[in-house]
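Q: Fold the following and give me the result.
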Amino acid sequence: MQRGKNMKRVLFVCTGNTCRSPMAELIFNKKARENSVDAYAQSAGLCTIEGLLINDNSKEALSELGIQSDFFRSTDIYDLELEDFDLVAGMTKEHTQELEKMISDPKKVVMLNQNSGGIKDPYGGSLEVYKICRDEIDNSLKEIFEKL
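A: Reported below is the predicted structural model:
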């Protein structure tokens, strides 16, 4: 994808960057492409090992939306320059509190699905739990696009 000069950059953050934030990144990028929105997302984990594969249940849940994720590898947030992003979205209150300490402009930090208390970690759950998580993420992206 060619990125325009004025392209908005979004970072989705969870704990391990293998379940929630990769789903948010990939769904966001699909929606941005489909709706010709000049925005691009990445994702990272607050406590991860660089290069991990996406969780199998996340992969399956995404494939039902026609999203391929074989290429995905986890990213450690400490390898990124947070100031380069227009918006940084955490999955939980704990994530957003940590992110607000890490960035010079805490107004850039938001929580996904804020009105419902964030996005719960599906790790260790069934495929059905991951599908519910995927749908919560998908439904909460509208507010992210509106903030750009």
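
Q: count of residues packed around M23?
A: Applying other Cβ atoms under 10 Å, we find 32 other residues in the vicinity of M23. Any C-beta I mention is one placed from the backbone N, CA and C, and that applies to glycine too.

Q: show me the residues around it that make contact.
A: Counting by Cβ atoms under 8 Å, 6 or more residues apart in numbering, M23 touches S58, A61, L62, C133, R134, I137.

Q: which one of those residues is nearest T18?
A: Relative to T18, the closest of these is S58; by Cβ to Cβ it sits at 7.0 Å.

Q: My guess is that closest one contacts L65. True?
A: No - counting by Cβ atoms under 8 Å, L65 is not a contact partner of S58; they are 11.4 Å apart.

Q: These two: which is more packed in?
A: S58 (26 against 13).

Q: Give the other helices and strands that the lengthiest helix in the chain contacts.
A: What stands out as the longest helix in the chain, according to DSSP state H, is helix 127-147. The contact analysis (3 or more Cβ pairs under 8 Å, 6 or more residues apart in numbering; DSSP states H and E) places helix 127-147 against helix 20-34, helix 56-63, strand 87-90, strand 109-111.

Q: 6 Å instead, please
A: Applying 3 or more Cβ pairs under 6 Å, 6 or more residues apart in numbering; DSSP states H and E, we find helix 127-147 packed against helix 20-34, helix 56-63.

Q: Switch the ones you listed over to TSV, and while doing so, append mean pLDDT and distance to V110 to every line.
A: TSV is the format used below for the helices and strands packed on helix 127-147 (pLDDT from 0 to 100; distance: least, Cβ to Cβ, whole Å):
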stretch	mean pLDDT	distance to V110
helix 20-34	99	12
helix 56-63	99	21
